[in-house]
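[1] Following is a predicted model, sequence given first.
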Amino acid sequence: MDKEKINIIEKNNQLEKEKEERTSDEQKDGKKNNLVSEKLEKKEPERERRTQSYQREILETTRPAKVTKGGRRFSFTRLVLINDEEKKAVAYARGKGKETVRALKAACQKAQKKLLVYFPNPPRTIPRDIIVDYKATRLVLKPTPPGSGIRASEELSKLFKYLGIKDISVKIVGSSNKLNVIHAIFLALDKLTGKKYDY
């Protein structure tokens, strides 16, 4: 009986030891997890600051269809304009995807790689008249007096606001296709500044 009691006591002691080891391991893991979560929380505001510096405007969403033997396959195309507020840089790009979200993500990623600073110190208006032709689209840009505002289409007005130009007149002659118009306006900006956008 004495031996049996001793064995039972030893087993109980062993179980208690194992329990203590398990709880200490769990506490260590908990501390590690807390440290990891703290690090992620510290990084999160930095990510937010980076994303907050970008402004995005969706200019166009299309749904082209590809005819195959199995039928028609649909996809989405999005044209976006982005602005980096901190660097005063702008860009546009078109992205494709099976869903609108993927198309938007692809377009934004492309545009971020093409960001270009045209006016480090934005002028009130442009210095001279500019005429640009691209495919079936012609743009006529003219400087205007102070207080005239931006006289242009919606997508071009957004671009000039991003650039910091307050007074300008832009007339679209011919095709008003949004991709042609946005491409033409970047050609005009190239002419004005002597820079070259990555088309």
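    That came through fine.
[2] all helices in this structure, in order from the N-terminus.
    Taking DSSP state H to define them, one finds helices in the chain at 2-52, 100-113, 154-163, 178-193.
[3] Near the nearest residue to Ala184 once chain neighbours are set aside, how many other residues are there?
    The shortest distance from Ala184 to any residue other than its chain neighbours is 4.0 Å, reached at Tyr134 (CB to CB, 6 or more residues apart in numbering). For every residue, glycine as well, the C-beta is placed using N, CA and C. Applying other CB atoms under 10 Å, we find 20 other residues in the vicinity of Tyr134.
[4] cool, and the one 10 residues further on?
    When neighbours are defined as other CB under 10 Å, Thr144 has 16 of them.
[5] again with Glu86
    Considering only other CB under 10 Å, Glu86 is surrounded by 10 other residues.
[6] right, and it touches Ser53 too?
    Yes: in this structure Glu86 lies within contact range of Ser53 using CB atoms under 8 Å: 4.7 Å.
[7] Pull the contacting residues for the residue nearest to Ala184.
    Asn180, His183, Ala184, Leu187 (CB atoms under 8 Å, 6 or more residues apart in numbering).
[8] Look up how far Glu60 lies from the first one.
    Pointing back at Asn180 there. The span separating Asn180 from Glu60 equals 11 Å under the rule CB to CB, to the nearest Å.
[9] Please say which of these two ends up with more neighbours.
    More crowded of Asn180 and Glu60, by other CB under 10 Å: Asn180, with 18 against 14.
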